[in-house]
Structure formats: structure tokens, C-alpha cells
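[1] have a look at this prediction, sequence included:
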Amino acid sequence: MKSDGNETTPTDSEFSMDFFSNTTLSDGDVQFLDTTLRDGEQAPGVSLSPDQKADIARRLDDAGVAAIEAGSACTSAAERETIRRVTSLGLDARVTSFCRGVQRDVDLALDCDVDGVHIVVPASDRHVEGKVGSSREEVVEKTGELVAYAKAQGLWVEVIGEDGSRADYDYLEAQAEAAFDAGADRFCFADTVGHASPEAVYEGVARLAEHGPVSVHTHDDLGLAVTNALAGLAAGADLVHGTINGIGERAGNVALEEVAIALWHCYDVEPMETESLYDLATAVSEATGVRLPPNKAVSGENAFAHESGIHTDGTLKDERMYEPYPPEAVGRERRLVLGKHAGRAGVRAALAEHDVELDDEALAAVVERVKTLGEKGRRVTDADLLTIAEDVRGRSRERRVELLDLTAASGQGTPSASVRLRVDDDERSAAGTGSGPVDAAMSAVRQALGSEFSFHLESYHVDAITGGTDAVVTVDVEVSRGDRSVSVSASDADITVASVTAVLDALDRLLPGADAEAGDTVPADD
Ligand SMILES: CC(=O)SCCNC(=O)CCNC(=O)[C@H](O)C(C)(C)COP(=O)(O)OP(=O)(O)OC[C@H]1O[C@@H](n2cnc3c(N)ncnc32)[C@H](O)[C@@H]1OP(=O)(O)O
């Protein structure tokens, strides 16, 4: 292990991970403490309102998380209000607050009606001497006094030895012993700066577990957060601290959903309902504004998407061919997408979803064109695929719905928009208002179309292609009508025009062809 010469690190690591094989975990051996609302919220720029904290806490509780750290009561009066909002929910989960090793912080936490506190005391010499200007002996003494004080107030108490992975483990053990002697319910091994190897975590936790119940708190600075959480469990910890989406200081905390799925998939242990993981991930992403990377395990957009032909073909033959576990296990669905790496099987299946069947020769031509489009770095949408198929078959299609004119006004007043559409042989105009110009334009479009041409917007996503105020934006939508849906993408310098164009293109694709029999309509759904 690399050292900057300042910290003491007890383990001269050899690359040996056989400790995992000596461990048997059973359901009930592991619980989760979610700290999205405390350590997660410490990610730069994140601040959750009382309602947002309450919503996330309810979801965590419903999913079976054992404990929720709702915030740091010492932060401010506003933060105490957010914690009180969570404690007032009457959740099954234990609700706790972060406290420094000072009595005032415990009193402030008590003021929020929490069930328990995490008393964080410095463990490494860097923190003992450099941060709080104290000594090892003084910290041990104060820890005992504070634990006894908090216990006397009826609180559940966990002591966290901050920067424990860079502490002298003999001293860490002395701290844990003092905490347990004073009545602490548990002690937490904290890899505060995400510095430890799995072996170092294993050794630290194993030594602490000799004294009482141990938790493990890991960070992802080395990309080892999940491995280290598992190493902690293997060494005898029974509570994992983590955050949804791994948000937190610097590179973040361990992502609780990743620990959850790893425990469920590899060890058949389920400390929380895995089916709730995706909903939790999206709720936390929306509330915090921290976007999910597309390749993120469990919750990334691509976690259950297959583009390459070999994978798509295999998946169509056996859904589990290229997935470790089914998407439904985390509340998701599988997606087959088309692009540069597409093959015949995937294209045939995508066309079949729109009731289009082609002979081998036409299919090969469509595959070729799909690949060419994908090579330009473009996402190949359903509309692209259907246009290519029509072209290859030499069929032209008459549009049924077309945008003729669009005006949108936004400013400090209520945004408004008016549209003029052609719908079959009719020209229709309507105006609408909304939360912004796009919303206003959509309202005008729906009015102009009327209930006969209703549609449901399944998803809406905007990307700026260039970086300036003159950026061209691309709008990706998925629109459904009845049991069919299509994806379309449209680009324009004007976001409202791009949005309306994408939605109308999608709707047009969902309507039966102009030459269809009267009454041959797809049932509307809203
Ligand atoms: C690893 C972690 O996640 S630690 C948790 C981080 N969370 C937070 O910082 C919560 C939000 N923090 C805050 O709102 C503020 O920092 C407050 C209200 C807690 C304190 O604000 P201030 O009084 O202005 O202090 P400031 O932030 O400048 O410095 C932190 C103080 O806490 C002390 N402190 C830090 N850790 C501990 C500890 N474990 N035990 C006791 N005191 C501690 C520091 O020594 C410093 O005290 P000093 O001012 O006497 O030197």
C-alpha cells in the first residue's frame, strides 16, 4: 500500500483475497444504514428540502432499510427542520443524526427527536492532533463520557472512528473498547478517505469485531468501495453504511444499490428489497440533480440495454444470455437498441414490434443502412428504422400529422404558445399555456389534435449538441398510443420546435396509414 509517510497503516498487503471464501453470510446477518440524506447530501451543490428528505426516507423505509441517517443536526436550524420532518414520519427504520464528539451536537440531535446518533471521533493521529488539536488519551476519555451522556438520554449510539483506516489499529481498538465500556451499541470502521485495501479493511473490522457489533463505512476514491464493504462483512461487520447512487464527498460513498445487488446475486442475502432499487435511484437523482452515468450498475440507462448484434441475437434466444440477473430484480426492463453493431436478429425483432416483416434480402439492406446511421454516432430510433424499411421496400408514406406553424412566448409572465397543424386534410390551430414554452406548446398541440389523436409521452430527454447559447439541441422522445410506442429524435436550434417536431413525428408513426380502413384506429390511452 502506498503511504505518504504520515499515517500508520498496519497491513503490509499481499495480494491475497482468500478471506472471502472462509465466510458464510446468511439472510439476516446484514443490515443497511442509508446515509444519502447526510453523507450523500455532503456532495458539493446538493441540498435537500424537508419534503425531499421525507420522500426519500419513506422510500428507503418501504424498501426495508434498517436505519436512516437523516442529516447532521449541528449544521443549521434549517437542517434540523429537515431531520425533524423525517423523525415525524413514524418510520420503521431507526432515524439518526451525525454528531461530532461534542455534547452540543448530541443535544441538537435530541432536539430533532432522533432515535440514535453517530458520534464521530477522530481516530487517526492526523485527525486527533492536526484537526481537533487533542491527544489520543483525551479523545478516548471524551468518547466514553459522551457515549455515557447520549445513552443516558435514551439514544441508540454508534461511535465512528473517523479516518479509522489510517489510524493505528491498536489505538482504534482502544477507542472501540472505551465506547463499548461506556454503553455504545456499535462501533464503525470508517475508511473516510477511501484509502484502504480490502485486506486492510478486513483486518481493521476483524479486530474491532472482537469488542462488539461493527459497521463498515467505505468511500470510492480507489473504486474499491463495494469490495471494501464486502471485505468488512466478511470480517464480521453486520451493518453497511452507504448512499443511493453512491453520492457523497469526493468520489462518493459506497453505492448501497450496488452492495444490495452484489449481496443478493452472489450470496443470496437481501438486506433491502432489490425491486425498489431503480425507483430509489431515480428519485435520489431527481431530488439531488446528480445524474446517473449511463453505464452505472443497477440504475444506469444502459445497464439492461443490448446493442451489439451478437448480444442481441443471444438475448433473443435466451434472456439471461448476456445478463447476470434479470432487470425485473431491480425494478427495470430490458431494452434492445439499434446502432453500428446491430445484426439481423435485432433488426428483425425491432421491425416485428411495429408489425413489419421483411424477406432476407430486404432485411440485409435495412441492417446495412442501420449500421451506416449508427456509424455516424447517432442513436437509431424507431422512426429511423421504419423510414429505412419503407425506403428499402420502395414504399412512400403519406404523413397524417404535420407541423405548419409554431409560435412560443416566454418571459416573466405565463409562457404561452400557439400551433397550426395539418391533420389529414384539416388545418387546425390552438393555443396553450404551460410551465415553460415547451410545456405550453405541448398543451397547444394536444388541444389542436383533440382526444381522437391523443398520445402518451413516455420519456423526454434534451441534449445540447454544441456548448454555446446558439447550441443545436436534440430532443429524444418515446411516445405511446394504445399498446404501441415509438422512439424519435429531432434536432433544432429552437428547443420548442425540436420538441414539437419529435412528438408529432412519433404520433404520425403511431397512427394507422392514411389509406387504412375507417375505424382502423389504435385505441387512445389518455
Ligand atoms: C467525514 C465526514 O463526513 S465529517 C461530516 C462533515 N459534515 C459537516 O461538516 C456538517 C456540516 N458542517 C457545518 O455546518 C459546520 O462545519 C459546523 C456547524 C459543524 C461547524 O462550523 P464551525 O463552528 O464554523 O467550524 P468549522 O466548520 O470551521 O470547523 C469544524 C470544527 O469542528 C471540529 N471538529 C471536526 N471534527 C470533530 C470531531 N469529530 N469531534 C469534535 N470536533 C470536531 C473542528 O476541529 C473544528 O473546530 P474548531 O473550529 O474549534 O477548529
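    Yep, it's here.
[2] name the SS class of the residue sitting nearest the centre point of the chain, please.
    Nearest residue to the geometric centre of the chain (CA atoms, centre = their mean): A281, 3.1 Å. What DSSP: H, G, I helix; E, B strand; the rest coil gives for A281 is helix.
[3] who in the stretch 151-300 of the chain is up against the ligand?
    Contact residues, the stretch 151-300 of the chain versus the ligand (CB under 6 Å from any ligand atom): 162, 192, 249. For the C-beta atoms, the positions are set from N, CA and C on the backbone; glycine is no exception.
[4] ok, the residue in the stretch 251-400 of the chain positioned nearest to the ligand - how many residues close by?
    Here the residue of the stretch 251-400 of the chain nearest the ligand is N253; by CB to the nearest ligand atom that distance is 9.2 Å. Neighbour count for N253, taken as other CB atoms under 10 Å: 30.
[5] same thing with H217?
    Neighbours of H217 (other CB under 10 Å): 30.
[6] OK, contacts around it?
    160, 188-192, 241, 253 (CB atoms under 8 Å, 6 or more residues apart in numbering).
[7] A196 now?
    Neighbours of A196 in contact, by CB under 8 Å, 6+ apart: 165, 204, 218, 224, 228.
[8] the first one: neighbouring residues, count only.
    For S165, the count of nearby residues is 30 (other CB under 10 Å).
[9] just among the contacts of H217, which is most surrounded?
    F189 (34 neighbours).
[10] do me a favour and get the end-to-end distance for stretch 460-475?
    7 Å (CA to CA, to the nearest Å).
[11] that stretch: how far from the chain's middle?
    Distance, stretch centre to chain centre, for stretch 460-475: 23 Å (CA atoms, centre = their mean, to the nearest Å).
[12] buried stuff in that stretch?
    If you call a residue buried by 16 or more other CB atoms under 10 Å, then stretch 460-475 has these buried ones: 473-475.
[13] now flag whichever of these is closest to V401.
    Top of the list for closeness to V401, among the buried residues of stretch 460-475 and by CB to CB, is V475 at 16.8 Å.
[14] list the strands paired with the helix or strand containing that closest one, with their directions.
    Per DSSP states H and E, V475 falls inside strand 473-481. Sheet pairing here is set by DSSP bridges, and for strand 473-481 it gives strand 456-464 (antiparallel), strand 484-492 (antiparallel).
[15] now the helices: where do they sit in the stretch 101-250 of the chain?
    103-110, 125, 136-152, 169-181, 198-208, 225-234 (DSSP state H, counting those that start in this stretch).
[16] list, one by one, the residues from the chain near the ligand.
    39, 42, 72, 74-75, 98, 100-102, 120-122, 131-132, 162, 192, 249.
[17] of the residues you listed, just the buried ones, ChimeraX syntax please.
    The following ChimeraX line selects those of these that are buried, judged by 16+ other CB under 10 Å:
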select :39,42,72,74,75,98,100,101,120,121,122,132,162,192,249
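[18] which of the residues of the chain next to the ligand fall within strands?
    Taking DSSP state E as the definition of strands, the residues of the chain next to the ligand contribute 72, 98, 100, 120-122, 162.
[19] which two in those are spaced the farthest apart?
    S72 and P122 (16.2 Å).
[20] low pLDDT regions in the stretch 351-500 of the chain?
    466 (pLDDT under 70).
[21] so which residues of it form strands?
    Taking DSSP state E, counting those that start in this stretch as the test, the strands found in the stretch 351-500 of the chain are 401-409, 416-423, 426-433, 456-464, 473-481, 484-492.
[22] could I get those strands as CSV with distance to H341?
    Putting the strands of the stretch 351-500 of the chain into CSV (distance: least, CB to CB, whole Å) gives the following:
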stretch, distance to H341
strand 401-409, 33
strand 416-423, 38
strand 426-433, 41
strand 456-464, 21
strand 473-481, 19
strand 484-492, 18
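[23] wait, isn't L25 in contact with W264?
    No - counting by CB atoms under 8 Å, L25 does not reach W264; the two are 11.0 Å apart.
[24] tell me which of these two has more neighbours.
    More crowded of L25 and W264, by other CB under 10 Å: W264, with 20 against 16.
[25] for the residue of the stretch 101-250 of the chain found nearest the ligand, give me the pLDDT.
    The ligand sits closest to G101 of the stretch 101-250 of the chain, with a gap of 3.5 Å, by CB to the nearest ligand atom. With respect to pLDDT, G101 scores 96.
[26] please name the nearest non-neighbouring residue to it.
    Nearest residue to G101, sequence neighbours excluded (CB to CB, 6 or more residues apart in numbering): V121, at 4.2 Å.
[27] repeat for R58
    L89 (6.4 Å).
[28] can you pull the contacts of the one you found?
    If a contact means CB under 8 Å, 6+ apart, then L89 has 54, 57-58, 61 as its contacts.
[29] would you list these in a markdown table and tack on secondary structure, neighbour count and distance to A150?
    A markdown table is the format used below for those (DSSP: H, G, I helix; E, B strand; the rest coil; neighbours: other CB atoms under 10 Å; distance: CB to CB, whole Å):
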| residue | secondary structure | neighbour count | distance to A150 |
| --- | --- | --- | --- |
| A54 | helix | 19 | 25 |
| A57 | helix | 25 | 22 |
| R58 | helix | 16 | 27 |
| D61 | helix | 20 | 23 |
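[30] any idea what C188 is bridged to?
    I160, S215.
[31] what sits against it?
    Applying CB under 8 Å, 6+ apart, the residues contacting C188 are 118, 158-161, 164, 214-217, 239, 241.
[32] now swap in V486 and tell me
    V486 neighbours (CB under 8 Å, 6+ apart): 354, 381-383, 386, 478-480, 506, 509-510.
[33] show me the domain layout of the chain.
    31-288, 305-393, 401-510 (the TED database).
[34] off-centre distance for the longest one?
    The one in question is domain 31-288. 20 Å.
[35] now do the end-to-end distance for that domain.
    Note: domain 31-288 ends 25 Å apart using CA to CA.
[36] next: stretch 389-405.
    29 Å.
[37] so what's the residue nearest to G101 up against?
    101, 139, 142-143, 159-162, 175.
[38] just H311 next, same as before
    Counted by CB under 8 Å, 6+ apart, H311 has contacts 321-322.
[39] what about it, which SS state?
    H311 ends up helix, using three-state DSSP.
[40] format the contacts of H217 as TSV; extra columns: distance to D313 and pLDDT.
    As requested, the contacts of H217 are arranged in TSV below (distance: CB to CB, whole Å; pLDDT from 0 to 100):
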residue	distance to D313	pLDDT
I160	50	98
C188	48	98
F189	47	98
A190	47	98
D191	43	98
T192	47	98
H241	42	98
N253	39	98
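[41] tell me which two of these sit farthest apart.
    Longest span within the contacts of H217, CB to CB: F189 and N253, 14.0 Å.
[42] and the pLDDT at S276?
    Taking S276 on its own, its pLDDT is 98.
[43] just say helix, strand or coil for it.
    Secondary structure assignment for S276 (three-state DSSP): helix.
[44] ok, D476 touching S487?
    Yes - with contact defined as CB under 8 Å, D476 reaches S487; the gap is 6.9 Å.
[45] so which of the two has more stuff around it?
    S487 (23 against 18).
[46] count of neighbours near the nearest residue to that one once chain neighbours are set aside?
    Distances taken as CB to CB, 6+ apart place T381 nearest to S487, at 4.3 Å, with adjacent residues excluded. T381 has 24 neighbours, counted by other CB under 10 Å.
[47] which ones are touching T381?
    476, 486-489 are the contacts of T381 under CB under 8 Å, 6+ apart.
[48] again with H127
    When contacts are counted by CB under 8 Å, 6+ apart, H127 touches 162-163.
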